[in-house]
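*Asks:* With the sequence up front, the predicted model follows.
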Amino acid sequence: MFDDRTRCAVVVGAQWGDEGKGKLVDVLAEQADFVVRYQGGANAGHTVVTGDSQFILRQIPSGILHAGVTCVIGNGVVVDPVTLFSELDALTERGVATDGRMFVSDRAHLVLPFHKLLDAASEKSQGIGTTGKGIGPAYEDKVGRRGVRVGDLRDMSRVRTFLEERVARANRMLAMMGAADLASLDEHVDLLSGYAPRLNTLTADTGLLLHRALRAGKRILLEGAQGSLLDLDHGTYPFVTSSSTTAGGAAVGAGIGPTSIDAVLGVVKAYTTRVGNGPLPSAAAPADDERLRKEGGEFGAVTGRPRRCGWFDATVVRYAVRVNGLTGLAVTKLDVLDDFEKIPVCTGYELDGRRCEEFPDEVELLERVKPVYEVLDGWRASTSAARRLDELPSAARAYLARLEALAETPIRYVSVGTRRDQIIPVG
Ligand code: IMP
């Protein structure tokens, strides 16, 4: 990934999230000096397996498991202090030293308990199928210029005054929405007063930190959360998350200029999944949906919800290539398809009887498209021990070659299992 010309790379999900970014970032972090989360919050669940241990990282960058890597939570993230510190404590308990290796942007906004109450209340009428972590309401406050930022905790007396107004406002909205539970000012003051001293030790101007690192020739990996089709602007609105999950968001959310980014790797599963509401055009029929879910362990890492499963959708991935400027793909979970005799691939859509090459710009249209499938041969053999492309069965190589041609983007990595070593670098 990194070489003399590639010092700063972004890893994004190129479907609806859960593509296996955590594993990819963990593997690539070995070559990096910094790993940076730039958007989202505790709605993410990046799973990393090292030896016999499994870690699910929600807010902390997946680089934390490499001792030499400095981890940054950028300004574009919304930080839930409760999750952040329980994650840090859990890592310490499991022998991962984090002291001096974690920085949180002073400009990042905080997710507060009232954001979660608002998330639950608005779900009743909106039905997006959110993770319930308060993400949308926290970004609403940011955009509404009434958010509480990490850097604000340096002066708790000011925060108390802020909170009085913010909690009262949230309660007015909750009452209007008919919510049963209202927010408590004391709970908010106690929570932030409790976490402020600890959070203050991690707080930094992380944009400056990264700028200096780039100047010094360090290698930086920007770790996206969720997926391109959940992007606030480019995703299947309104069934999206509330941040910019695409590569453009990496510059804004990390606080560096876009010209610093040298490569953008899009992570795709060898099939497709989606959790939460909204259309999934290449959804498999019930028996295959069930089979993919079972083989792939397709249950939400944060919520435990079953993910809907379907076939690889080339229209989705071509769209992700376009909106992210992807320079390469990483195909994950190829091994999940090992036992399938035939594997459909969605090559495009039909809409009102006409072939439709581009991803529709309205969710209502996407709900009406009919997927057009090409059916490829399965390989009926285990791929999990392959470490080179030529160790894969020829039908598996043909499958990958077809995905690459349809996506019009080179495949750089193929992942064939959850372990770190189960990866095939390509080219
Ligand atoms: P929110 O981000 O909790 O507001 O949820 C908005 C939508 O994004 C819902 O459909 C969620 O299921 C989906 N979502 C949020 N985070 C993730 C993720 O990490 N993986 C997959 N889907 C996600």
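*Replies:* Everything's here; your move.
*Asks:* Now for the residue of the stretch 251-400 of the chain found nearest the ligand, how many residues are close by?
*Replies:* Ranked by Cβ to the nearest ligand atom, the top residue of the stretch 251-400 of the chain for proximity to the ligand is residue 276, at 2.0 Å. C-betas here are computed from N, CA, C, even on glycine. Per other Cβ atoms under 10 Å, the neighbour tally for residue 276 reads 22.
*Asks:* In contact with the nearest residue to it once chain neighbours are set aside, which residues?
*Replies:* Here the nearest residue to residue 276 in space, its sequence neighbours aside, is residue 129; by Cβ to Cβ, 6 or more residues apart in numbering that works out to 3.4 Å. Applying Cβ atoms under 8 Å, 6 or more residues apart in numbering to residue 129 gives the contacts 123, 239, 275, 276, 277, 278.
*Asks:* Count the residues that sit near the fifth one.
*Replies:* The local packing count at residue 277 equals 16, with neighbours defined by other Cβ under 10 Å.
*Asks:* Quick check: it touching residue 128?
*Replies:* Yes - the pair residue 277 and residue 128 passes the contact test of Cβ atoms under 8 Å, sitting 6.0 Å apart.
*Asks:* what is in contact with those two at once?
*Replies:* Residues touching both residue 277 and residue 128 (Cβ under 8 Å, 6+ apart) are residue 239.
*Asks:* Secondary structure and pLDDT added to the contacts of residue 129, as TSV?
*Replies:* Formatted as TSV, these follow (DSSP: H, G, I helix; E, B strand; the rest coil; pLDDT from 0 to 100):
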residue	secondary structure	pLDDT
123	helix	95
239	coil	97
275	coil	94
276	coil	90
277	coil	94
278	coil	96
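*Asks:* tell me the domain boundaries of this protein?
*Replies:* Here the domain parsing of the chain from automatic domain parsing is 8-105+202-265, 109-199, 269-324+331-425.
*Asks:* for the chain, where's the lowest mean pLDDT among helices and strands?
*Replies:* The least trusted helix or strand in the chain, going by mean pLDDT, DSSP states H and E, turns out to be strand 46-50, with a mean of 86.
*Asks:* ok now do the residue of the stretch 1-150 of the chain found nearest the ligand, which residues does it touch?
*Replies:* Using Cβ to the nearest ligand atom, the single residue of the stretch 1-150 of the chain nearest to the ligand is residue 17, 2.8 Å away. Applying Cβ under 8 Å, 6+ apart to residue 17 gives the contacts 44, 225, 226, 227, 230, 245, 274, 275.
*Asks:* please redo it, this time with the cut-off set to 6 Å
*Replies:* For residue 17, the contact set (Cβ atoms under 6 Å, 6 or more residues apart in numbering) comprises 226, 227, 230.
*Asks:* My guess is the first one contacts residue 241. True?
*Replies:* Yes - counting by Cβ atoms under 6 Å, residue 241 is a contact partner of residue 226 at 5.0 Å.
*Asks:* out of these two, which sits in the busier spot?
*Replies:* Higher neighbour count among residue 226 and residue 241: residue 226, with 29 against 26, using other Cβ under 10 Å.
*Asks:* Give the helix, strand or coil label for that one.
*Replies:* At residue 226 the chain is in coil, as set by DSSP: H, G, I helix; E, B strand; the rest coil.
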